[in-house]
Each structure stands twice: as C-alpha cells, then as structure tokens.
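Peer 1: Below are the sequence and a predicted model for it; my questions follow.
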2 protein chains.
Amino acid sequence: MKTARRAKRPTLKQLAETAGVSIGTASNILSNKVELHSAETVARVLTAARQLGYRPNRVARSLAARRTHTIGVVMERQHAVFTRNPYATAVMDGLVDALLPREYQLKIITPHRLEPHAVWTELDDGTVDGLVLIAPLRESPILALPPTSALPCVVVGSTLPDEYGYYCIDIDNENTMRALVRYLIGYGHRRIGLIKGPDNHWSAIQRVQGYLDEMTAHGICPPAEWIADSNYEHSGGLLAAERLLQITPPLTAIIGSNDLLAMGALDACAQQGVPVPDAVSIVGIDDTPMAALVKPPLTTMRSPIHEIGVHAAEALLQQIETGELLRGARLFETTLIVRESVQGC
Amino acid sequence: MKTARRAKRPTLKQLAETAGVSIGTASNILSNKVELHSAETVARVLTAARQLGYRPNRVARSLAARRTHTIGVVMERQHAVFTRNPYATAVMDGLVDALLPREYQLKIITPHRLEPHAVWTELDDGTVDGLVLIAPLRESPILALPPTSALPCVVVGSTLPDEYGYYCIDIDNENTMRALVRYLIGYGHRRIGLIKGPDNHWSAIQRVQGYLDEMTAHGICPPAEWIADSNYEHSGGLLAAERLLQITPPLTAIIGSNDLLAMGALDACAQQGVPVPDAVSIVGIDDTPMAALVKPPLTTMRSPIHEIGVHAAEALLQQIETGELLRGARLFETTLIVRESVQGC
DNA sequence: TGAGAGTCAGCAACCGCTCCCAGAAGGGTT
DNA sequence: AACCCTTCTGGGAGCGGTTGCTGACTCTCA
C-alpha cells in the first residue's frame, strides 16, 4: 500500500534546539510541569513553540507515557448502526458529556473477528485506557474471555451474571418490567401480551422474567402465545404485534420490551385499524426521543440512559486513575412516563 | 495523577526470543509479510505468538509506521449530541459502514479550545490519518486556518466556498430548496413561509437563498415576516412556527429548513388546532427516520446522508492512500418523498 | 571448484516523546 | 573557606514497534 508522504512537522527535538534547551526541558514545560523550570526558560520554550507552530505528537506521547487518554466504545457489529439504535446513541451522549471535558477522546470499536482472542486483540490494542462495552450479547466472543487483560472495562446495557467479573451499569430490567405489568393490571388489564426481545440480549431475558413473575404474582399464567418473539427493532415490533393482535379473545394490552418494539406495535395497530388505547393499550421501555412523537404518544418507562452513560464514563475513569477494578453492578431506577397509549378496560 | 500499573503484556521482543528469531523477523511475519520468510520460521513465530497470547501494540506500530489506521470525526461542540443530531448520526453510520470493513478505526473529536491553532493541535495530534469535518460552522475556529497541515480532510454537510480549499460532500442545498418551493407552487401555494436555520450554518444560508431565488422566479417576493429565524432543532421549529401562524392573511405552506424544524412546526400546528395539511402544508428537508413517524407523516426531501457518509469515508481513504488531496465539492441529489403533510390550496 | 544469483535472518537506526537521575550553579551558614 | 541546600537543566535509557541494509548460506551451472 502506498502511503502519502506528508510534510514533516516540527518535533520536540527541533523545538528544543531552536529554544536552546534540552529535549527533556521542553517536554516538561509543554506538559505543564512549569514549576520545574525558571520563568525565563518557560517563556523561551513557549515562544519557540508558537513560532514553530509546534504540535505534540500524541502517539509518541502515549507510547512513552503508556497512557492514551482515550476510551474505547465497543459495540457489537450488528448494533453499530446509530440511526436504528437510540440506546447506543444516548449512551454515547452521556459518554461524550463526561469524557470530553476531561480531555479524554472517544474511539468506536466494532470487532469483526469471531475468535475471542482475536477479538481482544482488536479491543485491547494499546490505543485505549479503558473500554465501555455497550450491550454485549450473550454468546458474544467478547464475553468468551474473562476480563483478564487488566484493561479497565465497564459494561453498559447488559446486566451480566456476577461470574463474568464485569462492572455492569444498567437499569433494573426485572423490576422495570414488573412495574409496567403492575401498572397495566392497576388499570384492570389481565390479558397482557409481551413482545419479547431477542434471546441473545441479557436484558430481553430479564424482562421476560419480570413479566412472568409479576403476572403469576397476580394469579395470571400467560399462555405461550401471549409472548411474541422478536428482535429489538421497529420492524420486529410490527410483525410481532400483528401476531398478537390475532389472538382471541383479544389481548387488552401489549408490552413492547423496548420502545422501538412498542412503536412497531403502534404501527401494526394503525395498519389494522385497531384504535390505541381504546381497543388495546401499548407500553414500552426506555423513553427514547421518538416515544413522545408517535401517535398516540407512548406511555413508557424512562431509562436514564444519558445518566448511565455519564456514570459509565466516571466509573471507568475512576478505575483507570486509581487502578482499582470495580465489580458488581449499578442498576438505575426507571420511572413511569404516562402519556396516551394506555387506558382502562 | 496516579496511574494504575497494569500487568505487562508480551512484547515483540519477548516473542522473538521465545520463537528464537530476531525482532525484525517476528515483526515482518506478524505484519503479513510472510513471503519474506521460510515456512518453518513463520510457523515458529505464529506458534509462539499464540502460546504467549501476544497482541501487537498499535500505538508503537503507529509511531514507527507513521500510520494510525484511524479516522477522526470532528464535530462542533454544540453538535456532539447524537440524540438531537440525526444528521450526524446518519453520517456516522455511513462512515462506520465504509471504514470498519477496511480495518480503520473511528475516533470522535470535539475541540474545546477556541483559538484556531489550539484547535488544530487537538485535531491533528498524530493519532489520525485523516479527518471528517461534520458540518463545520461559519465562524468556527476549525475553518479559520487553511488546511495547510497536509492532513487529509473532507467536509460533510457544509458546502464551503472554494477558497477554503476543502473537499466538500453535501446535498445541493439551493436546488433542494428550489425543488421544494416549486413543488409547493405546483400545488397552488404562493404564501409560503420559511423557517430558516441558524446563520452560522452554511446550509441554512444556501437554503434561504434557494427559497428566495425560486420564489422570485415565480414572481413572488416574500416579505421579511415570512422568514422566521430559528436554530436547527425541534424546539426552534415550534417557536418559529408559532410566529408564522400569526401572519394574516395566513400562510398556506411552511417550509422547515430541515426535518426537525418542520416537525416542530407540526407540533405548533397541533397545539394551536391548525389542521395539517388542510389549513397549512408543511415540508422539511433530510427525511430523518422520525419524519415518517410523526402525524401527519412529513413530506420532505430525502438527503442520502448515509451515502454521503460512505462517500466521505471513501474520498478520505483515497486521499490517505494516494497522497493526492481532493478539492472542490461533490453534491448529492435529493429526492422528494411525498407523504401526507402537503395538500393543494 | 568458484562465481553469481537468490533466500532468508539479524542488526541497528529510527519514530517522537517521557521521566529519572546526575550534576551544575547559586546562595546561605557556620 | 568549606559545606550543604535548593533550584534548575541536560543526558540518556527506554516505550514497542518498522524498515532498509548487510551478509551468511545454499543452490546452480559453467
């Protein structure tokens, strides 16, 4: 592969020469260790830097200091589509907000190998000080290896079992779903269907569990047909809802395991002329920005995704800077956002 | 600042030792220059690598090879909110799609200094092989300096005047707006208002120009009050539309300079009980995913944003790999997406 | 047997910067 | 005057790779 030959830019060595100091001195001064040197030397170096248009080479700096000031955001290949992944998008916002002010950079990593060791070669390549794993999947090669590589990591959007040894930041999936079921039951619903997320998402499984637990706690034993398998996307919600709408006697409420699913269900109802919430109530989870825009506006559980992103960044930085690895989980509360897609029956 | 001491991982030197070869040999083999060495040596090195769990250090590699295989995505501070920036989000998707398969990584950069030279220190810090500038603003410090630093760059979402010396990838803002105006006029509209984007966006200015040109081409001279200043966001569209709706005799159509603005206008109409499209037609530009979801579904001009992202990546890689800098602009066609927010009058 | 060609591995000079350590210079004490 | 501190600067050994060059070795063929 041909590589362009670019104009050389001034190095620290040149800077040191034109300022008439040693490289070490110049380095110190440019790294803000100004107190080590006399005001006159500092001024000389700074002037020379300005005059030369000196810009430090961050790669060299990282190599020497073994610190990159960069965080990697790891997404599964199939998730790396921001337009269809409002969750990842919102997490990114939180990360950006927390990271940029502290002069950390952000790198997007999507492994494309399959073998776990190869994947970790892509993830832990020395260019990042830490990793945020966004919603790693159950069978993902990323999780196949224990986080032995002492690279600080946090997991967002998947609550992994303790054995995995990761610090997880997420909402409380089970309780969120249980709250949603309780809310619908409070409105008199009992024939409540669920559009289930994909089995390879930890959250999907936990949400189903919450649904089943709360339903049975109220003496309802939902038949299998009430639970429609799907992915986590709008189109999947539409298809799944079409199936659920054919159940007789009809369900009076449908829970989307996330907002996208619920909005797909909303569209299915619209297409089939089923009025929401008059004929069927629909709810989701996440409260993505679109949830307020659809008709009828979606009642949903708000996940503090942005806050989760911020916390992920902070937890990661803490690990990086103290060297102490965090374990366990930090589960955020969700709050019910009542809009217009639910009604008693 | 305390730095965690991490477990050392094997270096090329160790690898070479355990494989019983020289560092250079090991390096060649791991860089896929396998043809330089005998099959037996290759096997020995590969085995040792597997056994040691060797992972190359990309930082060191970048320093030595002066090639990082990383692209920087530069966003203005105020734009680095993905949840409210469907445009940047869609561009990112295109970049990801084009870059990841070619083993390039993607880094998000948001300058937080103000002085142009300081900004370029952040942008061109040696960690990227090229830069994608997403919708740089008119008075941005990023643009204050000519792209003299021979770092390959492309601009996306802003069509800069030639003098700036950047290769720009964008839609044809003026003609897109003119087509929209023509479309409305074709429906008999003449009292057409415009919600204008912010003055610091090149696209906003070009779109206003297109509006004015096409209106006057049809003998309509829009009074100043028909043009409502705004930002590029939903909330801004709502406020601006409130003003436009008070004009008497009423406007029969409102153009949002982008979809977010148009959707804000839609909400303003809903709040004031003005039926769309019966009382007023509303259109936007971009065709963001939400445009199809709102009520009524928004008629808009589709920008091939994803394609723009892909092209940006390809143009950038071409510059990086050939060393020849591109100039000028590549303007993509937009296409009218007819939905339900327009009607004759 | 010796020259020439062709393989293949090792050596060593970087890449640009950090950071530790030694030592020079200057000032104050006794 | 000798000694000790303090303050400041320079030297140099890495960080973990890449890369061009040298030269040893084998093979072929006259």
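Peer 2: Everything's here; your move. This one's a predicted model, so the numbers in the text were calculated from it and none came from an experiment. Residues are numbered from 1 along each chain as shown, chains lettered A, B, ... in the order given.
Peer 1: Is any residue of stretch A:126-141 near DNA strand C?
Peer 2: No. Stretch A:126-141 is not in contact with DNA strand C by C-beta under 7 Å from any atom of the strand; minimum separation 12.6 Å. (Glycine included, C-beta is placed from N, CA and C.)
Peer 1: Next, the contact list for A:Asp287, please.
Peer 2: Counting by C-beta atoms under 8 Å, 6 or more residues apart in numbering or on different chains, A:Asp287 touches A:Asp259, A:Thr300, A:Met301, A:Arg302, A:Ser303, A:Ile337.
Peer 1: Please disregard the earlier target; I meant A:Ile205.
Peer 2: Residues in contact with A:Ile205 (C-beta under 8 Å, 6+ apart) are A:Arg138, A:Asp199.
Peer 1: May I ask which helix or strand encompasses it?
Peer 2: A:Ile205 belongs to helix A:202-217 when elements are defined using DSSP states H and E.
Peer 1: Show me what whichever helix or strand comes after that helix is packed against.
Peer 2: Per DSSP H and E, the first helix or strand lying C-terminal to helix A:202-217 is strand A:227-229. Packing contacts for strand A:227-229, counted by 3 or more C-beta pairs under 8 Å, 6 or more residues apart in numbering or on different chains; DSSP states H and E, involve strand A:192-196, helix A:234-244.
Peer 1: Would you map the strands across chain A?
Peer 2: Secondary structure of chain A (DSSP state E): strands at A:70-75, A:105-109, A:130-134, A:153-156, A:167-171, A:192-196, A:227-229, A:253-256, A:281-286, A:299-302, A:328-332, A:335-337.
Peer 1: List the buried residues in the last one.
Peer 2: Right, the one you point to is strand A:335-337. Buried residues in strand A:335-337, defined by neighbour count with 16 or more other C-beta atoms under 10 Å in any protein chain shown: A:Leu336, A:Ile337.
Peer 1: For the stretch 151-300 of chain A, which residue gets nearest to DNA strand D?
Peer 2: Residue of the stretch 151-300 of chain A nearest DNA strand D, by C-beta to the nearest atom of the strand: A:Leu151 (13.6 Å).
Peer 1: Give me the nearest residue to that residue, chain neighbours excluded.
Peer 2: Using C-beta to C-beta, 6 or more residues apart in numbering or on different chains and skipping the chain neighbours, the partner closest in space to A:Leu151 is A:Asp124 (4.9 Å).
Peer 1: can you tell if the helix ranked longest in chain A touches DNA strand C?
Peer 2: Across chain A, the longest stretch assigned as helix under DSSP state H is helix A:305-322. No. For helix A:305-322, no contact with DNA strand C is found by C-beta under 7 Å from any atom of the strand; the gap never falls below 13.5 Å.
Peer 1: and the angle for that helix with strand A:70-75?
Peer 2: Using axes from the mean of the first three to the mean of the last three C-alpha atoms, to 10 degrees, one finds that helix A:305-322 and strand A:70-75 are set 130 degrees apart in direction.
Peer 1: And the contacts of helix A:305-322?
Peer 2: The contact list for helix A:305-322 (C-beta under 8 Å, 6+ apart) reads A:71, A:87, A:90-99, A:102, A:104, A:129-132, A:152-154, A:156-157, A:167, A:169-171, A:286, A:324-326, A:330, A:332, B:1-4, B:83.
Peer 1: do stretch A:226-236 as well
Peer 2: Identification of contacts with stretch A:226-236 by C-beta under 8 Å, 6+ apart yields A:84, A:191-199, A:201, A:204, A:208, A:211, A:237, A:239-241, A:243-244, A:247, A:251, A:257-258, A:260-261, A:263-264, A:267.
Peer 1: What residues does chain A have near DNA strand C?
Peer 2: A:8, A:11-13, A:15, A:23-24, A:27-28, A:30-31, A:56-57, A:60-61, A:63-65.
Peer 1: Can you report how many residues neighbour the residue in the stretch 101-250 of chain A positioned nearest to DNA strand C?
Peer 2: Nearest to DNA strand C, among the residues of the stretch 101-250 of chain A, is A:Gly126, at 12.6 Å (C-beta to the nearest atom of the strand). The local packing of A:Gly126 (other C-beta atoms under 10 Å in any protein chain shown) involves 19 other residues.
Peer 1: you'd agree it is up against B:Leu63?
Peer 2: No. At 10.7 Å, A:Gly126 and B:Leu63 do not qualify as touching, with contact defined as C-beta atoms under 8 Å.
Peer 1: Please see if stretch A:45-61 touches chain B.
Peer 2: Yes. On the criterion C-beta under 8 Å from any C-beta of the partner chain, stretch A:45-61 is in touch with chain B at A:Gly53, A:Arg55, A:Pro56, A:Asn57, A:Arg58, A:Val59, A:Ala60.
Peer 1: which parts of that stretch are buried?
Peer 2: For stretch A:45-61, a neighbour-count test (16+ other C-beta under 10 Å) marks A:Val45, A:Leu46, A:Ala48, A:Ala49, A:Tyr54, A:Arg55, A:Pro56, A:Asn57, A:Arg58, A:Val59, A:Ala60, A:Arg61 as buried.
Peer 1: where in the stretch 51-200 of chain A is pLDDT low?
Peer 2: For the stretch 51-200 of chain A, the stretches flagged by pLDDT under 70 are A:148-149.
Peer 1: how about the residues of it near DNA strand D?
Peer 2: Taking C-beta under 7 Å from any atom of the strand, the part of the stretch 51-200 of chain A that reaches DNA strand D is made up of A:Ala60, A:Leu63, A:Ala64, A:Arg66.
Peer 1: What subset of these is buried?
Peer 2: Neighbour counting by 16+ other C-beta under 10 Å classes A:Ala60, A:Leu63 among those as buried.
Peer 1: export the residues of the stretch 51-200 of chain A next to DNA strand D to TSV and tack on distance to A:Ala313?
Peer 2: Converted to TSV, these look like this (distance: C-beta to C-beta, whole Å):
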residue	distance to A:Ala313
A:Ala60	26
A:Leu63	24
A:Ala64	25
A:Arg66	21
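Peer 1: ok, which pair from the residues of the stretch 51-200 of chain A next to DNA strand D is furthest apart?
Peer 2: Longest distance between any two of those is 12.0 Å, between A:Ala60 and A:Arg66; criterion C-beta to C-beta.
Peer 1: which ones are touching A:Ala253?
Peer 2: A:Leu184, A:Tyr187, A:His189, A:Arg191, A:Ile192, A:Gly193, A:Val280, A:Ser281, A:Ile282, A:Val283, A:Val342, A:Cys345.
Peer 1: from what I can see the first one touches A:Val342, true?
Peer 2: Same thing as A:Leu184. Yes. Assessed by C-beta under 8 Å, A:Leu184 is found in contact with A:Val342 at 7.0 Å.
Peer 1: Now list whatever residues contact both of the two.
Peer 2: Common contact partners of A:Leu184 and A:Val342 (C-beta under 8 Å, 6+ apart): A:Ala253, A:Ser281, A:Val283.
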